[in-house]
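**Student:** Sequence first, then the predicted structure, then my questions.
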Amino acid sequence: QVATGALPDPPRVDELVHEAHRRYVDDDDGTVADYIPALAQADPELFGLAVVEAAGAVHDAGDAHRLFTIQSISKLFVYALVVDELGHDVVRDRVGVNNTGLAFNSVVAIELNDGHPMNPMVNAGAIATTALVRAASTAERWERVREGLSAFAGRQLRLNGEVYRSEADTNDRNRAIGRLLRSYGRLDGDPDDVVDVYTRQCALDVDAHDLAVMGATLADGGVNPVTGERVVSADVCRDTLAVVAASGLYERSGEWLFEIGLPAKSGVSGGIVAIAPGKGAIGAFSPRLDAAGNSVRARRAIRHLSRALGLNLFASA
Ligand code: GLN
């Protein structure tokens, strides 16, 4: 185990990424999400792992180039774009930064907090965040979100039409959340239009490699280490990673920090991105989830790699 400081040399990181992949390749704990019908068809055997260093080196193992929809991981990148545009204070007050202690799609959390969405990593806060993207129309809002997430990934991300339609046909709960926020005066504009953009952002196709590049952009002070493009400011990265650490794994965020010690965000299609500020990011994908909606195998592989690479933020030696 490496303690703190720099990452090992790139060839050693490569070995460790492959070793982490091999270690969990036969792990079949958990179940594939089925509340969005199209997600239930995912191949549960897929398992991709990638590390992208802030210095630019990339390491891919297994199914690191198999596409899946980004789902809730989009929340953290849309949040970063909105903080970049509106600033720390506005977004903190409108969206919040505290964990709800409840599931990602909880309506109770909104009711318990006078209609406040609480934090941008749960659906209520993410919908409130998407509503803050400056745009003259819904089409423009969607385009800005897609362009922004594509800049993080360093390539044009595409909508998965099948997953989008499947979720749009069944997302009564998110529409209810949008309307509830509006009833409390916490969301401007048409809530159904905002939820539509949110549903689209969740249905962008990415792979584990993309997640690692996107995360590494936040680890690199907002500059994409592969394309060299500045996407957001370093202050925005700092703010975003604090919020992600507190709530990225929903009600399991404390457990995650305790075990792994890195800000990370999960999505129901089985992706997780974990970010080591100044060093790089890990992207992992495996569709079988635990009861809170977090990929079991992605969590285990990241836990292993975080230790092997010495990434835990709370370790002083
Ligand atoms: N699109 C999903 C939803 O809104 C995202 C949830 C998730 O990945 N946890 O329900």
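**Tutor:** Good, I have the coordinates.
**Student:** Need the three-state assignment for the residue lying closest to Phe68 once chain neighbours are set aside.
**Tutor:** Counting by C-beta to C-beta, 6 or more residues apart in numbering, Phe68 lies nearest to Ser269, which is 4.7 Å off, once chain neighbours are set aside. Any C-beta I mention is one placed from the backbone N, CA and C, and that applies to glycine too. With DSSP: H, G, I helix; E, B strand; the rest coil as the basis, Ser269 sits in coil.
**Student:** OK, contacts around Ser269?
**Tutor:** 33, 39, 42, 68-71, 163, 285, 287 (C-beta atoms under 8 Å, 6 or more residues apart in numbering).
**Student:** Can you tell me which of those has the most neighbours?
**Tutor:** The residue in the contacts of Ser269 with the most neighbours, by other C-beta atoms under 10 Å, is Phe285 (32 neighbours).
**Student:** Tell me what it is bridged to.
**Tutor:** Beta-bridge pairing of Phe285 under DSSP bridges involves Gly48, Gly271.
**Student:** check contacts around it.
**Tutor:** 46-49, 63-64, 66, 68, 207-208, 211, 269-272, 295, 298.
**Student:** ChimeraX command for the buried members of those?
**Tutor:** Buried members of the contacts of Phe285 can be picked out in ChimeraX with the line below, counting by 16 or more other C-beta atoms under 10 Å:
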select :46,47,48,49,63,64,68,207,208,211,269,270,271,272,295,298
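**Student:** Spatially nearest residue to the residue in the stretch 101-250 of the chain positioned nearest to the ligand, not counting backbone neighbours?
**Tutor:** Closest residue of the stretch 101-250 of the chain to the ligand, C-beta to the nearest ligand atom: Cys202 (3.5 Å). The shortest distance from Cys202 to any residue other than its chain neighbours is 4.8 Å, reached at Gln71 (C-beta to C-beta, 6+ apart).
**Student:** Those residues of the protein touching the ligand, which are they?
**Tutor:** Residues of the chain lying close to the ligand (C-beta under 6 Å from any ligand atom) are 71-72, 104-105, 123, 167, 174, 202, 267-268, 293.
**Student:** show me where the stretch 1-150 of the chain has helices.
**Tutor:** Remark: helices assigned in the stretch 1-150 of the chain by DSSP state H, counting those that start in this stretch are 10-24, 74-86, 88-95, 108-112, 123-131, 138-153.
**Student:** Could you say which of those is packed most deeply?
**Tutor:** helix 123-131 (a mean of 28; mean count of other C-beta atoms under 10 Å).
**Student:** shouldn't Asn119 be in contact with Asn99?
**Tutor:** Yes - using C-beta atoms under 8 Å, Asn119 makes contact with Asn99 at a distance of 6.4 Å.
**Student:** So which of the two has more stuff around it?
**Tutor:** Asn119 (27 against 21).
**Student:** what residues are up against that one?
**Tutor:** With contacts defined as C-beta under 8 Å, 6+ apart, Asn119 is in contact with 95-100, 125, 243, 246-247.
**Student:** Is it possible to get a markdown table of the residues you listed that adds pLDDT?
**Tutor:** What follows is the contacts of Asn119, written out as a markdown table (pLDDT from 0 to 100):
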| residue | pLDDT |
| --- | --- |
| Val95 | 94 |
| Gly96 | 94 |
| Val97 | 94 |
| Asn98 | 94 |
| Asn99 | 94 |
| Thr100 | 93 |
| Gly125 | 97 |
| Val243 | 97 |
| Ala246 | 96 |
| Ser247 | 95 |
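**Student:** Who wins on neighbours among those?
**Tutor:** Gly125 (30 neighbours).
**Student:** where do the helices sit along the stretch 201-317 of the chain?
**Tutor:** Under DSSP H, counting those that start in this stretch, the stretch 201-317 of the chain gives helices at 208-219, 234-247, 253-259, 296-308.
**Student:** which residues are in contact with the longest one?
**Tutor:** Helix 234-247 has contacts (C-beta under 8 Å, 6+ apart) with 76, 79-80, 83-84, 88, 91, 97-100, 119-122, 218-219, 221-222, 232, 253, 257, 262-265, 275, 277.
**Student:** Would you mark the buried spots in that helix?
**Tutor:** 236-237, 239-241, 243-247.
**Student:** what's the angle from it to helix 88-95?
**Tutor:** 30 degrees (axes from the mean of the first three to the mean of the last three C-alpha atoms, to 10 degrees).
**Student:** Report the distance from helix 234-247 to the chain centre.
**Tutor:** 12 Å (C-alpha atoms, centre = their mean, to the nearest Å).
**Student:** same thing with the last one?
**Tutor:** Between the centre of helix 296-308 and the centre of its chain there are 16 Å (C-alpha atoms, centre = their mean).
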